[in-house]
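Visitor: sequence and computational prediction follow.
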Amino acid sequence: MGGMDGTEGSTGAGERFVTGADGVRLCVAEHGEAARPTVVLLHGYPDSKEVWSDVAALLADRFHVVLYDVRGHGRSGVPDPLRGGFTLEKLTEDFLAVADAVSPDRPVHLVGHDWGSVQGWEFATVPGTAGRLASFTSVSGPCLDHFGHWIRRRVRRPTPRRAAQVLGQGFKSWYVYALHTPVLPEMAWRGVLGKQWPRMLARVEKLPADSYPTASLPEDAARGAWLYRDNVRQRLGRPRPDPYAHVPVQLITPTGDAFLSERLYDDLDHWVPRLTRHTLPAKHWVPRSRPQQLARWITDFVTGVEDTGGTAAGAVAGTAPGPVVRAVAGTGAVRAGASGRLPPTALGKLLPAARERFGGQLVLVTGAASGIGKAIALAFAEAGARVVAVDRDAEGAAGTAELSLRIGAPEAWPETVDVSDGPAMEALAARTLDRYGVPDVVVNNAGIGLAGSFLDTTPEDWKQVLDVNLWGVIHGCRLYGRQLVERGEGGHIVNTASAAAFLPSRALPAYSTSKAAVLMLSECLRAELAPHGIGVSAICPGLVNTAITGSARHAGVSDKEQERRRAKSARLYRLRNYPPEKVARAVVKAVLRDTAVVPVTSEARGARLLSRLSPGALRAFARVDPPL
Ligand code: NAD
């Protein structure tokens, strides 16, 4: 096994060469201080180590970051002959040579993408790496042995669903068959495919046009075909009987991966005792498209493993949340660790998927002090998200942040703002960016009720309801939409509209108009933000039992009559008794599935259906005086 030579390479960043299996020289680049924990980033196919450059830059403050070109790729040497030069056994020797050279005294944390992840699974499951590997983060590359067992199980005990899963993945693996044909892949890569590849990546994967991929790509891709030829058929046909992971593993699965089905990882808990799962709405090349998110998850995971000496990692997605995990920062005074009854949880069966997706993400909710907004904040907290609870009611926002911590959020902060105040919202967006980063999910939920006929509704009434219900949403979408686009890592915006958005009513003209505008705004914004990987959902609840009935104004009536009407609608909402937690669950589901419009409650679904099938019936119904 390996020695080391050379010092500085031509591409800077302290490149040097390490000798791997069969004397092949591996080009290694290092960033950050060597005394820090070492994180090795391993590239896939067809790539070279530069695929990791953005993630490496983000991690270099905290870690000793190491990248190397896999044999036959980039500036590394080429095995001779090629056939048999790329077996997983040789790749494991290469990895150990690099690990010994860059971190002789401490095991390293490995992060692999695509074939780098296929290799990583080998390192994490063979005994020869014990003591040299501290953790493994897998991005878009399965363990060939797990894959072999996955196919066997489905072929030996077939059901229609299992057959569909195998066919589905078989379909996605078309390129693997192509790479097994002799000579043609090499010709294609050295010819037109190699030339077109950067353009294809930019178009299909929406990658930023920059210095990636590098000029070595056609040669890397031509030689790298041997990664497949030397390993795939052999391992899938005769998978090792015991590919159990001996280190904590973090699995990051992009949901829009054209090459790998999410179902591939269904059996993973069997092989990996300490497993943390994350999904993210992205395509295959996440090291290029989602560097910030990857860097965050890698940082949290590696830090967790380091802090616990490798024992506790994997707990994030696998176990129930503890009472209070971390202290709170922010404007309001939130006491971590307060006791008292916890509110009802919202997620139920949705919890595992929600934890996978939102664990560690940042979620900002407006109108979070009460009712639906509070339930939404707590649902994301239950899923392990970091929560910013925004409301004009400072005490209520602090209460929600505190409950968020107790229900499972690793961090939570209250923020006080009037959403209708443009400059205050701008200040809020700047403050949250500075303190907590860009929210992955923004829920523009704050709203007020206003009842009363059109002729009774004064311009001031109109202004008030539009300022909060519409302008509050416009400010939130504009400011956080901009942050999300500039970050370039996707995300989601949820706007709370109402069934009133498609339900005309003689008694709620201003409120319904504000909500119809929110619905249309959401639809338009959805179209605009889709190319950025940012989803937009409009939530349209019917009657939900919250405090809104107590604060909604009734225009054109005396104070006494106002109180009578409020009490009447409160009674009706109590009788309907639809809990805000169910709306929160619908919101989480809408983000997971990227649903455009979500009517919640049966009356909202019915109204939505009627608005399409029989708008005349709704018009007749609009003449009846409703309760709010
Ligand atoms: P709620 O009164 O319980 O909660 C609304 C929250 O928004 C409160 O905490 C309030 O302080 C906050 N808020 C109001 N104006 C604000 C402002 N200008 N700036 C910051 N915060 C402000 O009401 P809810 O029922 O939970 O309503 C939440 C959203 O759901 C609203 O947009 C409402 O229109 C909508 N909605 C409610 C129902 C329902 O039946 N409850 C139905 C459909 C839609």
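Guide: Ah, there it is.
Visitor: surely residue 269 is in a helix?
Guide: Yes - the assignment for residue 269 (DSSP: H, G, I helix; E, B strand; the rest coil) places it in a helix.
Visitor: could you measure from residue 430 over to the ligand?
Guide: Between residue 430 and the ligand the computed distance is 17 Å (Cβ to the nearest ligand atom, to the nearest Å). To be clear about C-beta, it is placed using only N, CA and C from the backbone, and glycine gets the same treatment.
Visitor: what does residue 354 give?
Guide: Applying Cβ to the nearest ligand atom to residue 354 and the ligand gives a distance of 20 Å.
Visitor: got it, and residue 236?
Guide: Distance from residue 236 to the ligand, by Cβ to the nearest ligand atom: 51 Å.
Visitor: in contact with that residue, which residues are there?
Guide: 144, 147, 148, 151 (Cβ atoms under 8 Å, 6 or more residues apart in numbering).
Visitor: tell me which helix or strand the residue lying closest to the second one once chain neighbours are set aside sits in.
Guide: By the measure of Cβ to Cβ, 6 or more residues apart in numbering, the closest residue to residue 147 outside its immediate chain neighbours is residue 236, 6.2 Å from it. Secondary structure from DSSP states H and E places residue 236 in helix 217-237.
Visitor: cool, and residue 197?
Guide: helix 192-204.
Visitor: contacts for that helix?
Guide: Contacts for helix 192-204 (Cβ under 8 Å, 6+ apart): 46, 188, 207-209, 213, 217-218, 221-222, 258, 283, 285.
Visitor: lowest-confidence entry in those?
Guide: In terms of pLDDT, residue 209 ranks lowest among the contacts of helix 192-204, with 67.
Visitor: name the spans of the chain whose pLDDT lies under the cut-off.
Guide: Where the chain drops to pLDDT under 70, the residues are 1-13, 209, 310-342, 626-628.
Visitor: residue numbers of it in contact with the ligand?
Guide: 366-367, 369-373, 391-393, 396, 418-420, 445-448, 468, 472, 496, 498, 541, 543-544, 546-548, 551 (Cβ under 6 Å from any ligand atom).
Visitor: in ChimeraX, select just the buried ones from the residues you listed.
Guide: This is how ChimeraX selects the buried members of these, with burial counted by 16 or more other Cβ atoms under 10 Å:
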select :366,367,369,370,371,372,373,391,392,393,396,419,420,445,446,447,448,468,472,496,498,541,543,544,546,548
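Visitor: now do the contacts for the residue lying closest to residue 238 once chain neighbours are set aside.
Guide: Take residue 238 and drop its neighbours on the chain: the residue closest to it by Cβ to Cβ, 6+ apart is residue 148, 7.3 Å away. Neighbouring residues of residue 148 by Cβ under 8 Å, 6+ apart: 235, 236, 237, 238, 239.
Visitor: specify the angle between the strand or helix carrying residue 148 and helix 217-237 in degrees.
Guide: Assessed by DSSP H and E, residue 148 sits inside helix 144-156. Counting by axes from the mean of the first three to the mean of the last three Cα atoms, to 10 degrees, helix 144-156 lies at 50 degrees to helix 217-237.
Visitor: buried residues in helix 144-156?
Guide: 144, 145, 146, 147, 148, 149, 150, 151, 154.
Visitor: surely residue 494 is in a strand?
Guide: Yes - read with three-state DSSP, residue 494 is one of the residues of a strand.
Visitor: quick one: contacts for it?
Guide: Contacts of residue 494 by Cβ under 8 Å, 6+ apart are 376, 441-445, 536-539, 587, 590-591.
Visitor: if we can go back for a sec, between the contacts of residue 236, which is closest to the ligand?
Guide: Lowest distance from the ligand to these (Cβ to the nearest ligand atom) belongs to residue 147, with 45.7 Å.
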